[in-house]
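Colleague: pasting a predicted model and its sequence here:
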Amino acid sequence: MALPKGHTERERLRPGAQVVRTPHSVRLTAERRDAVNEALDTFIPAAVERHHPLRALPLVTHDFRAGATRDQWSRGDLPVMPYDARAGSFHGWRLNYSFPKEISVELLLHPAPKEPLGAVAFTAVFKRVHNQWLIDSFAPSASFAPVGKAARIKAQPDYTPFQDTRGNARLSTRWLLVPAAVLALIVLVPVGLGIAHLRRSRRAWRSYRASLD
């Protein structure tokens, strides 16, 4: 839309309004790749597998650990899905994006022999804080059925919020009832209306056929 003479694009913005721009992508340097690899090699055994949770605490941002005390974190009560991954390094990730102060990668973990779940894909986000790359989030994005089980894939919405007995989730299951009830209404109300409409149509059709006899 053309602006009146004497007006600028800056003037058209409301006072206090913020303009959100996507950061420009930067090359994934060797330094960045090494930082991601080193963080994952420590974070996954320590936090995800719950072997030594406190070792993962210095690797995460303040926002990541917000709401969890050091004592809770040490007990494995942390905002990370517990999963026993196959031993080895965790360098086989795929890059989602690389920004000046943020990196996101996709990592597929395979189960250890004692893990009942199949392979699980995680999305990890790293942020640069005081010249150090820290993990800002580490969340499952998809999971696959275990070997020998019927093929099934769960996507990211299935893990929000996630609860598991190996790590106490801080969100009560009662919170699941609200979105579940809303979704049920979204699905059931149109179905109920459709059934009622169908029944009325059938009654009208039968009345019409009877009038012709």
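Modeller: All right, it came through fine. Numbers count the residues shown, from 1 in each chain.
Colleague: count of residues packed around residue 60?
Modeller: Residues contacting residue 60 under the criterion other Cβ atoms under 10 Å number 26. Backbone N, C-alpha and C define where each C-beta goes, glycine included.
Colleague: what average pLDDT does stretch 57-73 get?
Modeller: The average pLDDT within stretch 57-73 is 94.
Colleague: what residues sit buried inside it?
Modeller: Neighbour-count burial for stretch 57-73 flags 57, 59-60, 64-65, 68, 73 (criterion: 16 or more other Cβ atoms under 10 Å).
Colleague: show me the domain layout of this structure.
Modeller: Listed domain ranges for the chain are 23-171, 173-213 (source: automatic domain parsing).
Colleague: hey, least reliable of those domains by pLDDT?
Modeller: Among the domains of the chain, domain 173-213 has the lowest mean pLDDT, at a mean of 48.
Colleague: max-length strand in the protein?
Modeller: strand 132-144 (DSSP state E).
Colleague: using PDB, write out every CA atom in it.
Modeller: The C-alpha coordinates for strand 132-144 follow below in PDB (Å, rounded to 0.1, in the frame of the first residue of the first chain):
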ATOM      1  CA  GLN A 132      29.800 -20.700  25.000                       C
ATOM      2  CA  TRP A 133      27.300 -22.900  23.200                       C
ATOM      3  CA  LEU A 134      24.600 -24.100  25.600                       C
ATOM      4  CA  ILE A 135      21.600 -26.300  25.100                       C
ATOM      5  CA  ASP A 136      18.400 -24.300  25.200                       C
ATOM      6  CA  SER A 137      16.000 -27.200  24.500                       C
ATOM      7  CA  PHE A 138      16.100 -30.900  23.800                       C
ATOM      8  CA  ALA A 139      12.800 -32.300  22.900                       C
ATOM      9  CA  PRO A 140      11.500 -35.400  21.000                       C
ATOM     10  CA  SER A 141      10.100 -34.800  17.600                       C
ATOM     11  CA  ALA A 142       9.200 -38.300  16.500                       C
ATOM     12  CA  SER A 143       9.500 -41.900  17.600                       C
ATOM     13  CA  PHE A 144       9.400 -45.200  15.800                       C
END
